[in-house]
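# Here is a sequence with its predicted model. Questions after.
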Amino acid sequence: MLFAHARAPGAVALRLDGVVQAYAGAADPRPVLEGLSMSVAQGQFCAVVGPSGSGKSTILNLFAGLIAPERGTVEVLGRRGPEVLAAAAYMPQRDALMPWRTVVDNVALPLRLAGVGAPEARRRAQALLERFGLGAYAQARPDALSGGMRQRVAFLRTFAPGRGALLLDEPFGALDALTRAELQDWLQEAVLSAGATVLLVTHDVDEAVYLADRVLVLRGRPARFALDLAVPFARPRRRDLTLTAPFARLKGEVLAALGMRLHGEGGPGGGDGGG
Ligand code: ADP
Ligand code: MG
C-alpha cells in the first residue's frame, strides 16, 4: 500500500495552533499570520483559496517545515518542530523538474534522497509512471513534455515517497483550462486510490469546490479564515457536477467569502475593474 498510515478515521494529519508568522523587511510590517489555527483530518482533501499575498504559501511552507513559526505549534502526522521537515510531500508553485534528468530519474529523486538504492528507486518510479499513464515518457527529458505532462511528472515526484500528506501549491495554475480540467480528474483519481490527506492551495474557486471535501477561504492581514465550507458531493466526481445548482450554490458561498459581489446581492452592476 502506497500510504501506509493514510487512514485512521478521526485522527488529525495537519494542524496549526496559534501560529504567528511575520517577515522581516516585508513591505507591509503587519504579521501575515497572528494566532492562526486550523486542522485537517487524515484522509481529508482540503482546499485553501484566498487572494494573492494572503498567506497561502506561508501556510504550506510551515507544514513543509521550510519555515518555523515565531510562535505557536505546527504538527504534521504527529510530528512537531524540526521533525516536521519532509514529513509531508510538498509540490511548490513552480515544478522545479531537473532538465538534465530523465522523467523516471526525476520521479525517483525523492526516493533516492530517502535512502532507497538507485535500481530500486528507478523501478518504483517506473511502476508509478506506468500506473498513471506516463510509462511511455520515462526516458524523455522534461523539456520535451507539454506543460500538462510536466505537471503530472512533478505531481508523481511529490507522490513517489508515499508520505501520508500532500501539500500542493497551485499545481495547475499555469495550465490552459482544458488541460487543467483533465489534470484535476487525474489528481482526484490518484488521491482517492491512495487515501492521502491533501492540502491544496488554489486561486480557482471551481477547482476548490470540484476537488475538495472542505474549502477554507483565507483573507486579510493578519489572515483569518472567512469561511470553512463542507463540500458533501459523492466521489468520484464528474465534470457535469460543475453544471448543477448545488455546485453553483457552494461556489457562490466561496465567492461571497472572498468579497466578490454577486448578482442579486448589493445592487446592480459588477463594480469596476472586475475579472
Ligand atoms: P500567497 O501564497 O497567499 O500569495 P504568501 O504566503 O506567499 O501569500 O505571502 C504572504 C505575505 O507575506 C505577502 O504579503 C508576501 O509579500 C509576504 N512574504 C512572503 N514571503 C516573504 C519573504 N520571504 N520575505 C518577505 N515577505 C514575504
Ligand atoms: Mg503563493
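Great, that's in hand. Ligands and ions are numbered 1, 2, ... in the order given.
# can you pull the buried residues of stretch 222-237?
For stretch 222-237, a neighbour-count test (16 or more other CB atoms under 10 Å) marks 222-223, 225-226, 229, 231, 237 as buried. C-beta: built from backbone N, CA, C; applies to glycine.
# try stretch 10-28
For stretch 10-28, the neighbour count (16+ other CB under 10 Å) marks 12-16, 19, 21-22 as buried.
# and that stretch, how far apart are its ends?
Taking CA to CA, to the nearest Å, stretch 10-28 runs 38 Å from one end to the other.
# just how off-centre is it within its chain?
In terms of CA atoms, centre = their mean, to the nearest Å, the centre of stretch 10-28 is set 16 Å apart from its chain centre.
# which parts of this structure sit against ligand 1?
With CB under 6 Å from any ligand atom as the criterion, the chain comes near ligand 1 at residues 23, 25-26, 28, 32, 50, 52-58.
# From the rest of the structure, what touches the lengthiest helix in the chain?
Counting by DSSP state H, the longest helix found in the chain is helix 177-194. Helix 177-194 is contacted from outside by 2-3, 6, 45, 132, 146-148, 151-152, 155, 159, 162, 166, 171-172, 175, 198, 204, 207, 210-211, 235-237, 239, using CB atoms under 8 Å, 6 or more residues apart in numbering.
# re earlier: I'd like to know which of the residues of the chain next to ligand 1 are part of helices.
Residues from the residues of the chain next to ligand 1 lying in helices, with DSSP H as the criterion: 56-58.
# in the stretch 1-150 of the chain, which segments are predicted with low confidence?
1-9 (pLDDT under 70).
# Show me where it has its helices.
Using DSSP state H, counting those that start in this stretch, the helices of the stretch 1-150 of the chain run over 56-64, 103-113, 118-131, 147-159.
# now the angle from the second one to helix 147-159?
Taking axes from the mean of the first three to the mean of the last three CA atoms, to 10 degrees, one finds helix 103-113 and helix 147-159 inclined to each other by 20 degrees.
# which strands and helices sit next to helix 103-113?
Applying 3 or more CB pairs under 8 Å, 6 or more residues apart in numbering; DSSP states H and E, one finds that helix 103-113 contacts helix 118-131, helix 147-159.
# ok, residue 159 - contacts?
Per CB under 8 Å, 6+ apart, neighbours of residue 159: 2, 89, 128, 166, 190, 194.
# give me the beta-bridge partners of the residue lying closest to residue 64 once chain neighbours are set aside?
Using CB to CB, 6 or more residues apart in numbering and skipping the chain neighbours, the partner closest in space to residue 64 is residue 90 (4.1 Å). On the basis of DSSP bridges, residue 90 is bridged to residue 167.
# Likewise for residue 199?
The residues that residue 199 bridges to, once DSSP bridges is applied, are residue 46, residue 167.
# what's near enough to touch it?
Counting by CB under 8 Å, 6+ apart, residue 199 touches 14, 40, 46-48, 59-60, 63, 165-168.
# Ligand 1: which of those residues is nearest?
Among those, residue 59 lies closest to ligand 1 (CB to the nearest ligand atom), at 7.0 Å.
# Isn't the closest one up against residue 50?
No: with contact defined as CB atoms under 8 Å, residue 59 does not count as touching residue 50 (9.5 Å).
# Spit out the residues that contact those two alike.
residue 218.
# Got the phi and psi for residue 218?
Residue 218 has phi and psi values of phi -110, psi 130 when expressed as degrees, to the nearest 10.
# Run a quick neighbour tally on it.
A total of 24 residues lie near residue 218 under the criterion other CB atoms under 10 Å.
# Just the pLDDT for it.
Looking at residue 218, its pLDDT is 98.
# Pretty sure residue 12 sits against residue 42.
Yes: Residue 12 lies in contact with residue 42 (CB under 8 Å); the separation is 7.0 Å.
# Name the residues contacting each of those two.
Residues touching both residue 12 and residue 42 (CB under 8 Å, 6+ apart): there are none.
# Is it possible to get JSON lines of the buried residues of stretch 10-28 that adds distance to residue 216?
What follows is those, written out as JSON lines (distance: CB to CB, whole Å):
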{"residue": "12", "distance to residue 216": "15"}
{"residue": "13", "distance to residue 216": "15"}
{"residue": "14", "distance to residue 216": "12"}
{"residue": "15", "distance to residue 216": "13"}
{"residue": "16", "distance to residue 216": "11"}
{"residue": "19", "distance to residue 216": "14"}
{"residue": "21", "distance to residue 216": "17"}
{"residue": "22", "distance to residue 216": "21"}
